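[1] coords below, sequence missing:
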């Protein structure tokens, strides 16, 4: 459980640095969908594993990440074929 918190904090700091770089230094050509799917997946897993947190919210995060991942896969397959 501590591992997921550390990963989520590291990912959040990395995204903030990337956003700062994108807006103030040089634009980055990176899709936000990949990052959002990863963040929602990790938040959902963290909330479902922890006992004192609301598991319904964790499952909602997992459901949202599955929808985002399916949209990403559909987009990838449309571009390939």
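    Nice, thanks for sending it over. Nothing here was measured: the structure is a model prediction, and the numbers come from that model.

[2] Please identify the buried residues of stretch 2-22?
    Neighbour counts using 16 or more other Cβ atoms under 10 Å place 4, 8 of stretch 2-22 among the buried residues. Placement of C-beta: from N, CA and C, glycine included.

[3] what about this protein, any weak spots by pLDDT?
    1, 29-30 (pLDDT under 70).

[4] For it, just list every one of the helices.
    Here the chain has its helices, by DSSP state H, at 2-24, 32-49, 55-80.

[5] elements contacting the longest one?
    What it means is helix 55-80. Judged by 3 or more Cβ pairs under 8 Å, 6 or more residues apart in numbering; DSSP states H and E, helix 55-80 is in contact with helix 32-49.

[6] Any chance you could list what contacts the helix it packs on?
    Helix 32-49 has contacts (Cβ atoms under 8 Å, 6 or more residues apart in numbering) with 1, 4-5, 7-8, 11-12, 15, 53-55, 57-65, 68-69, 71-72, 75.

[7] what's the burial count for residue 43?
    Using other Cβ atoms under 10 Å, residue 43 is surrounded by 20 other residues.

[8] cool, and the one 5 residues further on?
    When counting by other Cβ under 10 Å, one arrives at 17 neighbours for residue 48.

[9] again, but for residue 77
    Using other Cβ under 10 Å: residue 77 sits among 9 other residues.
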